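In: Sequence and predicted structure are below.
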Amino acid sequence: MSVDEQLVKVAIKGDDSAFLRLMQLYKIDLYKTALSYFRNEEEAIEAIQEVTYRAYKNLKSIRDTAYFKTWLTRIMINYCNDQLKKNKRIVLGEEILNKQGNEENHTRMELKDAMLGLDDRSREILMLKYFNDMKIKDIASTMKCPEGTVKTWLNKALKALREKLEEKGGDLHV
Amino acid sequence: MYEKEEEQLKDYKNMYENIKIPLVSIDDAILAGFQKAKLEKKRKPRRQKWVFSLVTAALILVGFFTSIRLSPAFAGYITVIPGMEKVVELIRYDKGKMMAIENDYYEKIDVSKEKNGLKFTIDGAIADENGLALFYTIKSKEKQTVLETEGVQLSSQDGKSLNLSGISMGSPLNSEKGELTHSDMFEFYVQSPLESKKFELKVRVKGKNLQEDFKLKFELKKKLQKKKTYALNKTVTIDSQKISFLKADIYPLRVAVHVKMDPNNTKRIFSFDDLRLVDENGETWNKIQNGVIASIISPDEYILYLQSNYFRNPKELYLVLNKIQAIDKDEVNVVVDTEKLQILKQPNGGHLSNLRIVGNNLYLSLRTKKEFNYFLFINIKDGDGKKIESNMSSVNGNGEKGITEIGVNIPNLKNQTNPISLELSNFPSWIIGNEKIKIK
C-alpha cells in the first residue's frame, strides 16, 4: 500500500490531520483544474473551499482508497460543472473579452470555449484524461464502469470536441 | 484518430504549468472548507441554542460561515496536544478564547463522575473575574442519538453566592446514527467579581431513554487575570440618533463595552452589528459570535460583548462601527393572538410569519435576505399589560433558505390573556454610519 493510500485510510477513520495532509498534496492540481473552468482566481479559491467541504463530508463514501485523487478531482469537476450552469452567460462573456485582449492565446482560448460547450460527461472525461493525466483504468474505477465504456466515451468526447472546434473555426472565418 | 485534438488538449494543460499559485489563499480556503464541514457535522440537524438568563440578555447563534479561519500554525498546534482538538472545535469562532489557549491560560481540570454507563467529565476551563467557560464531555457506553444537559447550576464550595448573571449552554447532541461522546461548553457569567476558586457543578444529562444527575467538585488553580478598564466618554450621532460610549472593560474571556442611548432618540437602538476592536495594525476583534452578545440594563442602556484581545497589548486600540440595528420607537412591539394564531402587529416589511404553538412554546418564522441569527424578543406582556416571566428562548437558524425560527417559552401559555405583546430586542432594519472611538 502506498503512503498516500495509508493516509486516505486513516483520514476515513476520522483523522483530521491526515485529511488536511491529503488536501495539501492535491491542492495545486485542484486549483489548476478549477482555474481551467473559471479563469479567475477568486472563483477557483471558492471552489477549493467548497471541494474541501464536500470531500470531508463524503470521505466515508470512498470505495477504493487507491483512487483518492481521481475521486477528489471528480468532486471538483462536478462542482465546476454546477457552477458553469449557474454562471453560463457570465463565463462566456468574460471569455470573449479575454479573447479580444490576448491574441497569442487564441488557440487555447478557442479550445477552452469548445470545452465549455461540451456536455458534462465529455468535458469530465477530457479533463481527467488530459488535464489530470489519469489512466483509463483509474477513471473507470471511480466512475464505476468498464474500461471499454470509458474508451467509448473518450472517443465520443474527442469527436464532439473536434466538431466544436470546427464550428468555432468556421465562425471566425466568416 | 484525434491526434490533433489530443495535442491541443496537452497544450491547453501546459498553459497552466507556469501560472502563479496563490498558496496562502488556497490554504485558507482548505481550512475554511474543513471547518465548515466540521461545524456542520456537530451542529446539524438542529442548530438550536437555549440560553437561561437571569438578567435580560441578547443572544446570537453562530452562523454556518462565520467561523474564524485558523492560522495553519494554530491548526498544527492543536493537533499535537491531545484532547485539545475538541476544545478548540468549540471556540473556533472566538478569537479571544483561542488567544487565551495560545497564551496557556486554559486550565485543564479533568474531573469526572460515572453513573450507569454515562460519564460526565469537566475537561477544563478558561476563567476570569467576570465568569468562566467550562468545557465538558459526556461519554456513553451505548450510542446515543440525543444528549442534552439541563438544570445546570454552579455554586461556590464555601456556600457564598456567585451572583450569576447568566449561563449559556451548548447545543444538544442530535445524531441520527448515534454517538458515544459529546463535547460542549457552558459559559457562566457573574455580576460581581469571581472570588471563589472551588466550585460545585450540578447538571442533569438526558438522552432518549436515560437521565442522570451529576454533581462534580472542581477547583481552579490558575491565577485569574485582572480586567483592564478604559474610560471612553464619547458620544456619536448616527442618522440623528445619539449614542454615548461610557467605558470598556477588557477581560480574558470577553470585552464589555458600556453604552447609553439618548432618551430623545426617535429610534430604538438594538444590536451594534459590526462593532469591533481595531488596533494600530488593523487587526480586528469582532463581536461574540455564539452566545450572549449584550446585557440589556434598560432599553437605552446596554453592555455589549466583544471577543477579547486581552492577551495582546496594542499601542492603540479603537472601537469601530458602521451598522446598527434600529427601529422606530412606535414599532418595537410585535403583537400576536395565540388563540387565533394571528400576528396582529409587526414592523414594516412583513418579515414575520407562520405563528405556531407547541406546548408552552411560541414559534415564529423570520424571513430575511441574509442569514439573521439574532434572537428577537426581550419583554413579553399579556393582554392586560401584565409582564409574563419567560427566561427560555431559542433561535433555530436555517441560513440557506433565509428563514430563522424564533422560539419563546411562555409558561402556562394556554391560559394567558390575549393579545400577547412581544418587545423586540433585535430586528433586520439598520442605520448606517462610520464611527471610530479611541480606547487607548
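Out: Received it, and whenever you're ready, just let me know what you need. Residues are numbered from 1 along each chain as shown, chains lettered A, B, ... in the order given.
In: List, one by one, the residues from chain B near chain A.
Out: Taking Cβ under 8 Å from any Cβ of the partner chain, the part of chain B that reaches chain A is made up of B:1-2, B:4-6, B:8-13, B:15-16, B:19, B:21-22, B:25-34, B:36-38, B:40-41, B:75, B:79, B:85. To be clear about C-beta, it is placed using only N, CA and C from the backbone, and glycine gets the same treatment.
In: Quick one: buried ones out of those residues?
Out: Among these, those that count as buried by neighbour count (16 or more other Cβ atoms under 10 Å in any protein chain shown) are B:5, B:8-9, B:12-13, B:15-16, B:22, B:25-34, B:36-38, B:75, B:85.
In: hmm, back to that, out of the residues of chain B next to chain A, which sit inside helices?
Out: Counting by DSSP state H, the part of these found in helices is B:4-6, B:8-13, B:25-34, B:36-38, B:40-41, B:75, B:79, B:85.
In: average pLDDT across the helix or strand harbouring residue B:132?
Out: Here residue B:132 sits within strand B:131-156, counting by DSSP states H and E. Per-residue pLDDT values over strand B:131-156 give a mean of 89.
In: Tell me the helix or strand right after that strand.
Out: Proceeding N to C from strand B:131-156, the next assigned helix or strand is strand B:164-168, under DSSP H and E.
In: any idea of the angle that following strand forms with strand B:131-156?
Out: With axes from the mean of the first three to the mean of the last three Cα atoms, to 10 degrees applied, the angle from strand B:164-168 to strand B:131-156 works out at 120 degrees.
In: contacting residues around residue 129?
Out: Went with chain A since none was named. Under the criterion of Cβ atoms under 8 Å, 6 or more residues apart in numbering or on different chains, the neighbours of residue A:129 are A:136, A:139, A:154.
In: looking at chain B here, not the other one
Out: Counting by Cβ under 8 Å, 6+ apart, residue B:129 touches B:193-194, B:224-227, B:251.
In: So for it, what's the nearest residue that isn't a sequence neighbour?
Out: For residue B:129, ignoring the flanking residues on the chain, the nearest one in space by Cβ to Cβ, 6 or more residues apart in numbering or on different chains is residue B:193 at 4.3 Å.
In: And for residue A:143?
Out: Using Cβ to Cβ, 6+ apart, the closest residue to residue A:143 is residue A:150 (6.7 Å).
In: Which positions in the helix or strand encompassing the one you found come out as buried?
Out: Assigned by DSSP H and E, residue A:150 belongs to helix A:147-173. For helix A:147-173, burial by neighbour count (16+ other Cβ under 10 Å) applies to A:150, A:153-154, A:157-158, A:160-162, A:164-165, A:168.
In: If you compare the directions of that helix and helix B:3-14, what angle comes out?
Out: Interaxial angle, helix A:147-173 versus helix B:3-14 (the same axes, to 10 degrees): 90 degrees.
In: tell me what helix A:147-173 is packed against?
Out: Secondary-structure packing of helix A:147-173 (3 or more Cβ pairs under 8 Å, 6 or more residues apart in numbering or on different chains; DSSP states H and E): helix A:106-116, helix A:120-126, helix A:136-143, helix B:3-14.
In: Figure out how far that helix is from the centre of its chain.
Out: Distance of helix A:147-173 from its chain centroid, counting by Cα atoms, centre = their mean, to the nearest Å, is 17 Å.
In: lowest-pLDDT helix or strand in chain B?
Out: The weakest-scoring helix or strand in chain B, judged by mean pLDDT, DSSP states H and E, is strand B:48-53 (a mean of 45).
In: what's the answer for chain A, then?
Out: Least confident element among the helices and strands of chain A, by mean pLDDT, DSSP H and E: helix A:88-101 (a mean of 41).
In: Domain map for chain B?
Out: Dividing chain B into domains by automatic domain parsing, as the record does, gives the ranges B:106-219, B:228-328+B:430-438, B:330-424.
In: Residue B:211: what's it in contact with?
Out: Going by Cβ under 8 Å, 6+ apart, residue B:211 touches B:204-205.
In: Now do it against residue B:417, distance only.
Out: 35 Å (Cβ to Cβ, to the nearest Å).
In: per-residue pLDDT, residue B:121?
Out: Turning to residue B:121, the model gives it a pLDDT of 95.
In: Let's verify it: helix, strand, or coil?
Out: Reduced to three states with DSSP: H, G, I helix; E, B strand; the rest coil, the structure at residue B:121 is strand.
In: circling back to that earlier point, same list (the contacts of residue B:129) but as CSV, adding neighbour count, secondary structure and distance to residue B:137.
Out: Below are these laid out as CSV (neighbours: other Cβ atoms under 10 Å in any protein chain shown; DSSP: H, G, I helix; E, B strand; the rest coil; distance: Cβ to Cβ, whole Å):
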residue, neighbour count, secondary structure, distance to residue B:137
B:193, 12, coil, 29
B:194, 20, coil, 24
B:224, 18, coil, 24
B:225, 18, coil, 26
B:226, 11, coil, 30
B:227, 17, coil, 30
B:251, 23, coil, 25
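In: neighbours around residue B:384, how many?
Out: For residue B:384, the tally of surrounding residues (other Cβ atoms under 10 Å in any protein chain shown) stands at 7.
In: wouldn't the residue nearest to residue B:129 be in contact with residue B:128 here?
Out: No. The criterion here is Cβ atoms under 8 Å, and residue B:193 misses it with residue B:128 at 9.2 Å.
In: min pLDDT across the buried residues of helix A:147-173, which one?
Out: residue A:168 (61).
In: how about the residues of chain A near chain B?
Out: Applying Cβ under 8 Å from any Cβ, we find that chain A lies next to chain B at A:16-17, A:19-20, A:23-24, A:27-28, A:31-32, A:35-36, A:41, A:45-46, A:48-53, A:56-57, A:105, A:107-108, A:111-112, A:115, A:126, A:130-131, A:155, A:158-159, A:161-162, A:165.
In: Mind giving me the PyMOL command for buried ones among those?
Out: For the buried members of the residues of chain A next to chain B, the matching PyMOL selection, counting by 16+ other Cβ under 10 Å, is:
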select buried, chain A and resi 16+17+19+20+23+27+31+32+35+36+41+45+46+48+49+50+51+52+53+56+108+111+112+115+126+130+131+158+161+162+165
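In: and stretch B:192-199, average pLDDT?
Out: The predicted model gives stretch B:192-199 an average pLDDT of 90.
In: In contact with the residue in the stretch 151-300 of chain B that chain A sits nearest to, which residues?
Out: Closest approach of the stretch 151-300 of chain B to chain A (Cβ to the nearest Cβ) occurs at residue B:177, with a separation of 11.0 Å. Residue B:177 is in contact with B:143, B:145, counting by Cβ under 8 Å, 6+ apart.
In: do the one 3 residues further on as well
Out: With contacts defined as Cβ under 8 Å, 6+ apart, the neighbours of residue B:180 are B:139-144.
In: from these, which is closest to residue A:68?
Out: If you rank the contacts of residue B:180 by distance to residue A:68 using Cβ to Cβ, residue B:143 comes first, at 28.6 Å.
In: Which residue, other than its chain neighbours, is closest to that closest one?
Out: Going by Cβ to Cβ, 6+ apart, residue B:143 has residue B:178 as its nearest residue, at 3.1 Å.
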